[in-house]
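**Student:** Whatever this is, show me its structure:
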Amino acid sequence: MTLVLSIKVKEGLVLAADSRINSKPPRNDAVKILSFTEGNHRHVGALVSGNAVIDESDMRMPQELLPQLEKTLHSERLSVEVYARELHDFFCLHYKNEWEKHRKKIIRGSGTTTFLVAGFNENEDVGRVLLAANFQYLTEAPYFNDLSSRLDLPLDVTNGEMNCIVARGELGSAYQGAYKSCFSDNKELTKGLEDNRLELLKVPDNSSLKDAAHIACSLIQRTICYRRRLNQPTTIHDPIRVCTITQREELKTYRLRCPPLAL
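**Tutor:** Residues are numbered from 1 along each chain as shown. Just a heads-up that it's a prediction; the model follows:
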């Protein structure tokens, strides 16, 4: 399990994620915020959640595969939508190949892998958060399925709104109603988000980028503590990584310390 989220405010975008890999044995060193190395491609980042590895004999995580994708990109700055489509096509091919290679060894199970892309277009002051891809595999069938086509991805999951959280994973009751759900009147979008296990929540209109970073860290940390308090499986774990992107500044790690919460 994973908890990743992006917060969109006027100042910019926040991306945050836990670090759990539920392998055997479990590890707490996953990089779930994906970023490119070239300067022209540093105005976007991606969040990955779900079953990022189909077979544990090949534990290459998406961030380790990203240099292969980066080599295929044009050197100039691209739009967030183009990055989302390029990422979708690259990982769709990767997971299809991995599925064909390993499916005979996997006795039973299923999983999904979801990618969110967040960033700024060159001449826009407002950031974008897009659902870029959603892949599913089932061993009972067995088959690999690209669910992305059902929603005509990439999809702007914020619907153009400001001051909102896009979360993927087991956020559940951890935020205890502190942030209200968004866009309940848009039934088509709401259903699409539910199908992809995405939650949209509203943050205060005056939230700064610093406020958003602390909200992101707090939500993940509270979820970890909430699950521990209920003796639920430790499928979300620190360290928590938080990054920011603005129109003027490329993706960078936001240095903050999330103090331990009392259980």
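
**Student:** which stretches of the stretch 51-200 of the chain form strands?
**Tutor:** 110-119, 128-138, 143-146, 155-156, 164-169, 198-202 (DSSP state E, counting those that start in this stretch).

**Student:** strands paired with the fourth one, and their directions?
**Tutor:** Strand 155-156 pairs in its sheet with strand 128-138 (antiparallel), by DSSP bridges.

**Student:** Report the inter-axis angle for the partner strand versus strand 110-119.
**Tutor:** With axes from the mean of the first three to the mean of the last three Cα atoms, to 10 degrees as the basis, strand 128-138 and strand 110-119 are set at 170 degrees to each other.

**Student:** neighbours of Ala16, just the number please.
**Tutor:** Number of residues near Ala16 (other Cβ atoms under 10 Å) recorded here: 29. Yep, even glycine has a C-beta here, placed from its N, CA and C like the rest.

**Student:** Renumber starting at 115 from here on
**Tutor:** With 115 as the first residue, the last one maps to Ala130.

**Student:** Quick one: residues in contact with the helix or strand hosting it.
**Tutor:** Following DSSP states H and E, one finds Ala130 within strand 127-131. Contacting residues not belonging to strand 127-131 are listed as 116-121, 144, 146-147, 159, 161, 163, 232-234, 241, 243, 323, 326-327, 329-331, 333-334, 354-360, 365, 368 [Cβ atoms under 8 Å, 6 or more residues apart in numbering].

**Student:** Check the offset of stretch 157-164 from the chain's centre.
**Tutor:** Put simply, stretch 157-164 sits 5 Å off its chain's centre (Cα atoms, centre = their mean, to the nearest Å).

**Student:** Same question for stretch 122-135.
**Tutor:** Distance, centroid of stretch 122-135 to centroid of chain: 8 Å (Cα atoms, centre = their mean).

**Student:** If you compare the directions of the strand holding Ala130 and strand 224-233, what angle comes out?
**Tutor:** Relative orientation of strand 127-131 and strand 224-233, computed by the same axes, to 10 degrees: 150 degrees.

**Student:** so where is the protein shaky, pLDDT-wise?
**Tutor:** Scanning the chain for pLDDT under 70 picks out the ranges 115, 168-173, 217-224, 253-256, 263-265, 284-303, 305-306, 370-377.

**Student:** Could you pull out the helices in it for me?
**Tutor:** 176-186, 194-216, 301-309, 323-343 (DSSP state H).

**Student:** Pick the most deeply packed of those helices.
**Tutor:** Highest mean neighbour count among those (mean count of other Cβ atoms under 10 Å): helix 323-343, with a mean of 20.
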